[in-house]
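> Fold the following, please.
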Amino acid sequence: MKVLMFGWEFPPIKSGGLGTACKDLAKGLSNRDIDITFVMPYVPENHADEHVNLIGTNRLAKNFTVKKINSILTPYQTTDQYSEAKNTILYAKTGQKDVYGKDIFNEIERYSEAAKIIATEEDYDVIHVHDWMTYKAGIIAKSISGKPLVAHIHATEFDRTGGNPNDFISHREYEGLMAADIVIANSNFTKNNVMKAYNIPSEKIDVVHWGIDEDNPHYNLNYKDESPFKNGEKVVLFLGRVTLQKGPDYFVDAARKVKDHVPDAKFVVAGSGDMLPRMIEKAAHLGLSNDMLFSGFLKGADVHKAFQMADLYVMPSVSEPFGLVALESMKNNTPTLLSNQSGVSEVVTNALKTDFWDTNSMANKIIAALKYPALMEDLTENSFAESKKFNLDEPARKTIDIYNKAMNFCG
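Presented below is the predicted three-dimensional model:
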């Protein structure tokens, strides 16, 4: 079976969990002899991957009027963030800024237009699109080829914005989900959100929970000895985008309450995002300046170092479609505290859980984990054992079943 897959990032070109999820799914499918052509906005020269045929729309320059789709656009950018990134580059080159610069949606349109060429030239049985930025490309490819369209929804616009969606983006999501023959949601949490936000019928949505790549070499390395923290200091980690969706403000509030009961506790916020300046100010206001460290965005080995240096990982997400990072924590032998408002909480048993908004409960669970070694040992041992059941094979198997079902619909 041959799959034409449209995405916006693929490691090492990535800004978050979407890229990792795409790569892991592609690897699982490749292991089951699925032939994948992955289309993304920009592929550097000489960049390749053993599991997919990578096509960058920038490499269509000789056949396409657009020479290159701007790679500064990432899956989680707002129009303001895109404009700021664009102006930073423009100012460095010319000393001037583009006062009109909010053309993030034009970038999406140019990417979508490239689908006309790719859909004609490539050989494939199924079209698979990831999130709203690729949905129009999938619709175009389907109209040209007549092949079935599978739309993967990793997070709705309502998840990302706390229920205050951008109308253009939410409409594009709706169009893609309606045009798809089958929708894949990464959790029942996401499926319910899609049904509620867009009135997509339940029978059209299949749930495929994520797995994790057991072959990642970092899981076999020990970074604990590299910890900068003193013996006796307890480290609590937040790792993710510092945005409304991820609940960093609830983490900071809980940290203040924990500090009153565990004086040697230290807190690390690893990530970047629009709320970062506000969180730094909030930590200072709450008297946590010496106890809360902000590391910025981490990638590669540094992510695993952060997990292994931590005594507890906290994911206080307000609306988390899945939460692949929780599985990474478990795989690194780090106990986890999960928000009930997450997809991963549906499938993980050996973790502490709380509602994101209940900072008293969150703080109490953190305190218990830090003060009672027996609880911590049980969480560590059992969560690591449970992490072994989350592999790449099961999501791939379910996705192939969905491909076959979509092909039967269109057959």
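
> which intervals of the stretch 1-150 of the chain have sub-threshold pLDDT?
Per-residue confidence of the stretch 1-150 of the chain (counting by pLDDT under 70) places the weak regions at 12-16, 42-52, 54-104.

> I'd say Glu320 and Glu346 touch.
No - look at Glu320 against Glu346 with Cβ atoms under 8 Å: they stay out of range, at 10.8 Å. For glycine as for every other residue, the C-beta is placed from the backbone atoms N, C-alpha and C.

> ok, those two, which is more surrounded?
Of the pair Glu320 and Glu346, Glu320 is the one with more neighbours under other Cβ atoms under 10 Å, namely 30 against 14.

> what pairs with that one across the strands?
Ser342 (DSSP bridges).

> which ones are touching it?
159, 189, 245-246, 339, 341-344 (Cβ atoms under 8 Å, 6 or more residues apart in numbering).

> now do 10 Å
By Cβ atoms under 10 Å, 6 or more residues apart in numbering, Glu320 lies in contact with 17, 155, 159, 187, 189-190, 240, 245-247, 326, 338-345, 356.

> thinking again about what came up before, overlap in contacts, Glu320 and Glu346.
What both Glu320 and Glu346 touch, as defined by Cβ under 10 Å, 6+ apart, is the set 187, 189, 340.

> residue boundaries of the strands in the stretch 1-150 of the chain?
2-6, 35-40, 53-56, 126-130, 149-153 (DSSP state E, counting those that start in this stretch).

> TSV for those strands, including mean neighbour count?
Putting these into TSV (neighbours: other Cβ atoms under 10 Å) gives the following:
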stretch	mean neighbour count
strand 2-6	24
strand 35-40	22
strand 53-56	19
strand 126-130	28
strand 149-153	27
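
> Export those strands to JSON lines and append columns for distance to Phe297.
Output for the strands of the stretch 1-150 of the chain, formatted as JSON lines (distance: least, Cβ to Cβ, whole Å):
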{"stretch": "strand 2-6", "distance to Phe297": "25"}
{"stretch": "strand 35-40", "distance to Phe297": "20"}
{"stretch": "strand 53-56", "distance to Phe297": "23"}
{"stretch": "strand 126-130", "distance to Phe297": "21"}
{"stretch": "strand 149-153", "distance to Phe297": "24"}
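
> and of those, who's closest to Ser170?
Nearest to Ser170, of all the strands of the stretch 1-150 of the chain, is strand 149-153, at 12.1 Å by Cβ to Cβ.

> following the closest one, which helix or strand comes up?
Using DSSP states H and E, the next helix or strand after strand 149-153 towards the C-terminus is helix 157-161.

> Contacts for the helix or strand that contains Met376, please.
Under the criterion of DSSP H and E, Met376 resides in helix 373-387. Outside helix 373-387, the residues within contact range by Cβ under 10 Å, 6+ apart are 212, 214, 219, 234, 311-313, 326-337, 347-352, 365, 368-370, 372.

> try 8 Å this time
212, 311-312, 327, 330-331, 333-336, 348-352, 368-370.

> Please give the centre-to-centre distance between that helix and its chain.
What separates the centre of helix 373-387 from the centre of its chain is 25 Å, taken as Cα atoms, centre = their mean, to the nearest Å.

> Output the helix or strand following that helix as CSV - backbone C-alpha positions only.
Beyond helix 373-387 on the C-terminal side, the first helix or strand identified by DSSP H and E is helix 393-410. What follows is helix 393-410, C-alpha atoms only, in CSV (Å, rounded to 0.1, in the frame of the first residue of the first chain):
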residue,chain,number,x,y,z
ASP,A,393,3.2,-1.3,16.2
GLU,A,394,-0.3,-1.0,17.6
PRO,A,395,-1.0,2.6,16.3
ALA,A,396,0.4,1.5,12.8
ARG,A,397,-1.8,-1.6,12.8
LYS,A,398,-4.9,0.4,13.6
THR,A,399,-4.0,3.1,11.0
ILE,A,400,-3.6,0.4,8.3
ASP,A,401,-7.1,-0.9,9.2
ILE,A,402,-8.4,2.6,8.8
TYR,A,403,-6.7,2.9,5.4
ASN,A,404,-8.3,-0.3,4.2
LYS,A,405,-11.7,0.8,5.5
ALA,A,406,-11.4,4.2,3.6
MET,A,407,-10.4,2.4,0.4
ASN,A,408,-13.5,0.2,0.7
PHE,A,409,-15.6,3.3,1.1
CYS,A,410,-14.2,4.7,-2.2
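
> report the angle between the axes of helix 393-410 and strand 2-6?
If you take axes from the mean of the first three to the mean of the last three Cα atoms, to 10 degrees, helix 393-410 sits at 100 degrees to strand 2-6.

> Go through helix 393-410 and flag the buried ones.
Within helix 393-410, the residues that qualify as buried are 395-396, 399-400, 402-403, 406-407, counting by 16 or more other Cβ atoms under 10 Å.

> do stretch 371-390 as well
Quick answer for stretch 371-390 (16+ other Cβ under 10 Å): 376, 379-380, 383-384, 386-387, 390.

> Please convert the residues you listed to CSV, extending it with pLDDT and distance to Lys23.
Below are the buried residues of stretch 371-390 laid out as CSV (pLDDT from 0 to 100; distance: Cβ to Cβ, whole Å):
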residue, pLDDT, distance to Lys23
Met376, 91, 32
Leu379, 92, 29
Thr380, 92, 27
Ser383, 93, 24
Phe384, 92, 23
Glu386, 94, 23
Ser387, 92, 18
Phe390, 92, 15
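
> Now render those residues as CSV, adding distance to Ala255.
Shown next, in CSV, are the buried residues of stretch 371-390 (distance: Cβ to Cβ, whole Å):
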residue, distance to Ala255
Met376, 18
Leu379, 19
Thr380, 21
Ser383, 22
Phe384, 25
Glu386, 27
Ser387, 26
Phe390, 28
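
> mind checking how far Asn188 is from His128?
21 Å (Cβ to Cβ, to the nearest Å).

> circling back: so which of the shared contacts of Glu320 and Glu346 sit within helices?
Mapping the shared contacts of Glu320 and Glu346 onto helices (DSSP state H) picks out Phe189.

> Whichever of the shared contacts of Glu320 and Glu346 end up buried, select them in ChimeraX.
This is the ChimeraX syntax for the buried subset of the shared contacts of Glu320 and Glu346, where burial follows 16+ other Cβ under 10 Å:
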select :187,189
